[in-house]
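Visitor: Mind folding the following:
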Amino acid sequence: MNLSFKTGDELILFLILVILVIFAIVILFVVFGIFRTLKQVDAQRSGKVIEAFSFNAWWKGLTGAVPLEKEEVILLNHNYDGIRELDNHLPPWWKYLFYATIVFSVIYMLDYHVWASSPLQEEEYTQEVAVAQKQIEEFQAKNANSIDEKTVKLLASDAKVVAKGKEIFTGKCVACHGAAGEGGVGPNLTDEYWLHGGTINDIFKTIKNGVPEKGMIAWKATLKPNEIQDVANYIVSIKGTNPPNAKAPQGDKVAADSTATK
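Guide: A predicted model of the protein is given here:
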């Protein structure tokens, strides 16, 4: 049983639940005591004697068990090779539990399917996913500035990341590298040749620090680390697209499987 609480609100709700359970138990004992008192008063008026509470008697009443010395009362006239059959009824506790399930099913149907006051499983799942997604976005927002060339992640298969990277690339990089990454003033970004390394780590580092001696500025002052990661992944995603008017290869050839983060 996991009793860890993520927030103070969860702890407060748990304590309230515990208090309500204890309160319900106390009320139950009070009602039972009142019932016993009223029964004794009624018995005194009618001249009957009320026996003291006995757990054994209470248990027998709950289970409906018949003592061995009284089994003749429920003995049926069935005889199978000397084996006699008893007419035992279902225990009262079992019947009460069955009745309780019927009441519960009616309340459940009204709550979930008639009044729709509680979400169904599919709706509850959707709500939980939405909450989890919000938590992920908040976590990513808090940790966006902790990304660097060592911790950058290869997310070129994530359409959302690639779309963000393409948007930034279109706004800031096409002047030198072309609209499709075919190259211009800067090198072609779609072939297998790289001047400063072709892994996701190398691309991130190049965008972050720039190449001042060749006219490429350092984008670390303009773009956030997570934005640089998005652009780097977009560049990885356009590798091998062979756009028209591609610039001739420059630098060293990098193997096709060398884009994974280190």
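
Visitor: Just give me the neighbour total for G210.
Guide: Counted with other C-beta atoms under 10 Å, the neighbours of G210 add up to 16. All C-beta spots, glycine's among them, are computed from the backbone N, C-alpha and C.

Visitor: Could I get the pLDDT score of it?
Guide: The score at G210 is 94. That number is its pLDDT.

Visitor: what are the phi and psi angles of it?
Guide: Listed backbone geometry of G210 is phi 70, psi -180, with angles given as degrees, to the nearest 10.

Visitor: who touches S146 in this structure?
Guide: S146 is in contact with P225, counting by C-beta atoms under 8 Å, 6 or more residues apart in numbering.

Visitor: Could you rerun that using 7 Å?
Guide: Taking C-beta atoms under 7 Å, 6 or more residues apart in numbering as the definition of contact, S146 has no neighbours.

Visitor: phi, psi of it?
Guide: As for S146, its main-chain torsions (degrees, to the nearest 10) stand at phi -90, psi 0.

Visitor: pLDDT wise, what is it at?
Guide: S146 is assigned a predicted lDDT (pLDDT) of 81.

Visitor: I'd like to know how many residues surround S237.
Guide: When neighbours are counted by other C-beta under 10 Å, S237 registers 20.

Visitor: cool, and K153?
Guide: Counted with other C-beta under 10 Å, residues neighbouring K153 total 15.

Visitor: what do you get for the one 10 residues further on?
Guide: Residues near A163, counting by other C-beta under 10 Å, number 11.

Visitor: and it, what helix or strand is that in?
Guide: According to DSSP states H and E, A163 maps onto helix 159-172.

Visitor: starting at the chain centroid, how far to that helix?
Guide: The gap between the average C-alpha position of helix 159-172 and the chain average comes to 30 Å, counting by C-alpha atoms, centre = their mean, to the nearest Å.
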